[in-house]
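Engineer: predicted model and sequence follow; I will ask about them next.
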Amino acid sequence: MMCVECGKEAEKLYSGLCIDCYLKKKRFFVIPSQVLVKVCRNCGAYNIDGEWKHGRLENIIEEYLRKNIRHEIDCNLEIDFENRIARCTGYFEGRKIIEERKFEIRFKKRLCEKCSLKKGGYFEAILQIRKKDLSRKLEKEMEEVITKRVEEGNSFIMKKERVEEGLNYYIGSKKVAHSIARELKNFYKAEYKSSSSLVGMKDGVEVYRDTYLVRLPEYGVGTFIKFKDEVYRIEGIGKKIELISLNGEKKYIYRDEMKKAKIMDLKTRDAIVLHESKDGVYIMDSKTYKTYFVDKKAKGKEKVKIVEYDGRIYVIE
Ligand SMILES: [Zn+2]
Ligand SMILES: [Zn+2]
C-alpha cells in the first residue's frame, strides 16, 4: 500500500497515510484554550463548570481540564500553571504522542449561591442552644461542631444571636440544623424539642421554618447533687447516671430522677498527702492549710481531691 502523501510503501495506512504522515497531521487531543472561573467575592469559592467549590484553584482547574479534554487516546495530563500550558501525553501504535496547548484563565467576580442566600437573610431553621451560665469553653466546643457540620452539609450560618438563656443559630438548611441538634442532644445528653411554624407561601407551597431546641443539662460529670438527703458526685452519664456518695458508695439513677435532685454548689480542691498509714492518710487542705486524717487510701498519690461539705472534709479521688 502506498501513502497518498509521501508515496512511501507502508504495511498499514491510516486514512490513506503512512504512520509518519498521519501523525504529522493528526490531533489526538482537544484541550480547552480558555478556563472561565467565577469567584465568589464573599467567600472565595470557585465555579468553573456550574458547581461552587472551595479548595486550591489549581486543583479545581486541573479537575476541570481532565474532564473537558476530548481525547482519542488516553491522556496523561501535565499542567504548567506558571506558563499556563496543558500537556497531554499518550501512545498510538507504540508511538509516543505529545500535544500541548496554552490556555488562558479568566476570572469573573460573583456571589455564590450560599453567599447570596446568606446575604438575603435566608434561613430554614433556628438551632436554639439553652444553658444557664453557658461557659466560653463549652460554647467554643459546640460551635466547632456546628461550624464543621454546616460546612460538611454545604450550608451556612446566616446569623448567630446571643440571648439571655443561650444562643440561637440561624441555619440555611433544615436538614443540617436537624442533624446538628440530634448530635448535640446525644453528645451532651441534652433535652431536645423541635417545632415548625408556617412562615408564608412560596410558589404556591407553604413554607415552614423549623426550630430545634437543645437544652443542655445543668449538671455534668463532676457536679455534686443532693438526692434523697444524700450528697453525691456525678461520675458518669449514660443511659443511667452514675453517682458516688461522699463516703464512696456507688449508685445508679435514671435520668428522669435527676428532676428530684438538687444541684449543689460544691467545688473540689487539692489536698497534699502528708503521710500514709495503714489506717488512712494525713492530708493538708491546700486552701486552709489545715491537716486532717481520713480513713482512705492515697495509693501513693501526692495529691488528692477533697470537698468540704457541712463542716467536714471528704476525699473524692
Ligand atoms: Zn506518508
Ligand atoms: Zn460565597
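Structural biologist: Received, thanks. Numbering: from 1, shown residues only. Ligands and ions are numbered 1, 2, ... in the order given.

Engineer: going forward, measure contacts and count neighbours with C-alpha atoms only.
Structural biologist: Noted.

Engineer: so residue 66 sits in a strand?
Structural biologist: No. Judged by DSSP: H, G, I helix; E, B strand; the rest coil, residue 66 forms no part of a strand; its state is helix.

Engineer: so who does it touch?
Structural biologist: Applying Cα atoms under 8 Å, 6 or more residues apart in numbering to residue 66 gives the contacts residue 77.

Engineer: one more: residue 232?
Structural biologist: 224-226, 243-246.

Engineer: one more time with 10 Å
Structural biologist: Contact partners of residue 232, counting by Cα atoms under 10 Å, 6 or more residues apart in numbering, are 222-226, 242-251, 261, 263-264.

Engineer: who does it form a beta bridge with?
Structural biologist: Applying DSSP bridges to residue 232 gives these bridge partners: residue 225, residue 245.

Engineer: now do the phi/psi pair for residue 258.
Structural biologist: Per-residue torsions, residue 258: phi -60, psi -20 (degrees, to the nearest 10).

Engineer: was I right about it contacting residue 227?
Structural biologist: Yes. Using Cα atoms under 10 Å, residue 258 makes contact with residue 227 at a distance of 8.2 Å.

Engineer: hmm, back to that, are any of the contacts of residue 232 buried, and which?
Structural biologist: Burial by neighbour count, judged by 16 or more other Cα atoms under 10 Å, picks out 223-226, 242-246, 261, 263 from those.

Engineer: give me every residue in this structure lying close to ligand 1.
Structural biologist: 3, 5-6, 18, 21 (Cα under 5 Å from the ion).

Engineer: make a markdown table from those residues and add neighbour count to it.
Structural biologist: As requested, those are arranged in a markdown table below (neighbours: other Cα atoms under 10 Å):
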| residue | neighbour count |
| --- | --- |
| 3 | 21 |
| 5 | 11 |
| 6 | 11 |
| 18 | 22 |
| 21 | 17 |
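
Engineer: narrow the residues you listed to those in helices?
Structural biologist: residue 21 (DSSP state H).

Engineer: between the residues of the chain next to ligand 1, which is nearest ligand 2?
Structural biologist: residue 21 (51.1 Å; Cα to the ion).

Engineer: any idea how far residue 19 is from the nearest residue to that closest one once chain neighbours are set aside?
Structural biologist: Spatial nearest neighbour of residue 21, excluding adjacent residues (Cα to Cα, 6 or more residues apart in numbering): residue 5 at 6.9 Å. Between residue 5 and residue 19 the computed distance is 11 Å (Cα to Cα, to the nearest Å).
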